[in-house]
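# Next comes the sequence, and after it the predicted model I'd like to discuss.
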Amino acid sequence: MKVIQNNYKDQSGQMLVVVVLILVVGITIALSLVSRSVTDIRLSTNTEQANRAFAAAEAGVEKALRDIAEGSYVGSSFSIGGSNVSYSIAPVSGDSYEPLEAVKKDEVIQVKLTGFSQGKKVYVYWDKQLSTGEVPAIVISLIYDDDTSGENIVMNKWAYDPTSTRTAQNGFISAGGGAEGYSYGQVIDIPFNDTSNEMYMRVRPVYGNAKFKFKTDLGNTLPTQGYEITSTGTSGSSERKVKVFKSEASLPSIFDYVLFS
């Protein structure tokens, strides 16, 4: 009589090992998927909060512009759509004014000089926008009311060119060396003695784009040239900040050609 041996006796623990391995692999895959889902949700939330914060900061800029139009320059804070906004308005004045952006060729930058009188000076510094390109010359127009009546508008005009080969042809005044980090500079003397006049200096670069800086002589200050708006929007853990410069109202570039004609 044959005796059949039970060969499964030595394999009784292998099934448990297989089950454990399957469980480990399954849990690893599940944790990986959960981790990726959590990361995607976090990124999506952060992106949404960042967009909300930026939109809130832009809303602060719009509110500041409305405040300026209404004659208020204090700044404030408010909430919108679940986001918080805080903005400030800082007048840009002092003894110098340096616009952030270059002025394109044949465009005009306007500087307010109300309150200036005879004997005061304005230094105009300029340079090329880029290291390459044509060296710019400038045309300066000083516009004011000669008798405060609003009926006798006067315009004085100067033209300066640092390139000697051009001055022989265009008749511009030769410009000397600069300062304040700029290659060229020129001083303008205020020609009248009535501080009640509204006065504007308009500067137009020709031959090329130009960067500018305007400065007064010692002890004098320029009137407000505009307002720097800083707005901060916060949504959740995200914060976004927007800075804007709002210049004073300025006549378009074509005005110089019309008045000259």
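Sure thing, it's come through.

# any low-confidence regions in the stretch 101-250 of the chain?
For the stretch 101-250 of the chain, the stretches flagged by pLDDT under 70 are 147-150, 192-197.

# Show residues contacting the host helix or strand of residue 243.
Using DSSP states H and E, residue 243 maps to strand 238-247. Residues outside strand 238-247 that contact it (C-beta atoms under 8 Å, 6 or more residues apart in numbering): 46, 49-50, 52-54, 56-58, 60-61, 64-65, 68, 92, 100, 225-233. For glycine as for every other residue, the C-beta is placed from the backbone atoms N, C-alpha and C.

# Give me the buried subset of those residues.
The neighbour count (16 or more other C-beta atoms under 10 Å) marks 49-50, 52-54, 56-58, 60-61, 64-65, 68, 92, 225-227, 229-233 as buried among the contacts of strand 238-247.

# For residue 25, see how far away residue 32 is.
Distance, residue 32 to residue 25, using C-beta to C-beta, to the nearest Å: 11 Å.

# try residue 184
Plainly put, residue 184 is 74 Å away from residue 25 if you go by C-beta to C-beta.

# ok, back up a step: got any residues that touch both of residue 32 and residue 25?
Contacts common to residue 32 and residue 25, judged by C-beta under 8 Å, 6+ apart, are absent.

# got the angle between the longest helix along the chain and strand 238-247?
Ranked by residue count and defined by DSSP state H, the top helix of the chain is helix 14-69. Taking axes from the mean of the first three to the mean of the last three C-alpha atoms, to 10 degrees, one finds helix 14-69 and strand 238-247 inclined to each other by 20 degrees.

# ok, then the element right after helix 14-69?
Where DSSP H and E defines the elements, the next helix or strand beyond helix 14-69 is strand 76-80.

# Which secondary structure elements does the very next helix or strand once past that following strand sit against?
Sequence order places strand 83-94 as the next helix or strand after strand 76-80, per DSSP H and E. Contact here means 3 or more C-beta pairs under 8 Å, 6 or more residues apart in numbering; DSSP states H and E; on that basis strand 83-94 packs against helix 14-69, strand 76-80, strand 222-235.

# Now distance to residue 151 too, for the ones you listed, in TSV please.
TSV is the format used below for the helices and strands packed on strand 83-94 (distance: least, C-beta to C-beta, whole Å):
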stretch	distance to residue 151
helix 14-69	28
strand 76-80	41
strand 222-235	23
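
# which parts of the strand holding residue 243 are buried?
238-240, 242, 244, 246.

# With stretch 90-105 instead?
Per 16+ other C-beta under 10 Å, stretch 90-105 contains these buried residues: 92, 97, 99, 102-103, 105.

# do the same with stretch 180-193
For stretch 180-193, by 16+ other C-beta under 10 Å, it's 182-186, 188, 190, 192.

# so how far is the strand holding residue 243 from its chain's centroid?
Put simply, strand 238-247 sits 8 Å off its chain's centre (C-alpha atoms, centre = their mean, to the nearest Å).

# Contacts for the helix or strand following that strand, please.
As assigned by DSSP H and E, the chain's next helix or strand after strand 238-247 is helix 254-260. Contact partners of helix 254-260, identified using C-beta under 8 Å, 6+ apart, comprise 108, 139, 141, 143, 155, 157, 202, 204.

# Quote the end-to-end distance of stretch 174-186.
Separation of the first and last residues of stretch 174-186 by C-alpha to C-alpha, to the nearest Å is 10 Å.

# please begin residue numbering at 4 from this point
Sure, I'll start numbering at 4, so the last one becomes stretch 177-189.

# what does it rub up against?
Contacts of stretch 177-189 (C-beta under 8 Å, 6+ apart): 99, 126-131, 140-141, 143, 161, 163-165, 167, 170, 176, 214, 216, 218.

# next one: stretch 101-117
With C-beta under 8 Å, 6+ apart as the test, stretch 101-117 has contacts from 100, 125, 132, 139, 145, 193, 200-217, 225-228, 248, 251, 253-256, 258-259.

# what's the spacing between it and its chain's center?
With C-alpha atoms, centre = their mean as the basis, stretch 101-117 stands 14 Å off its chain's centre.
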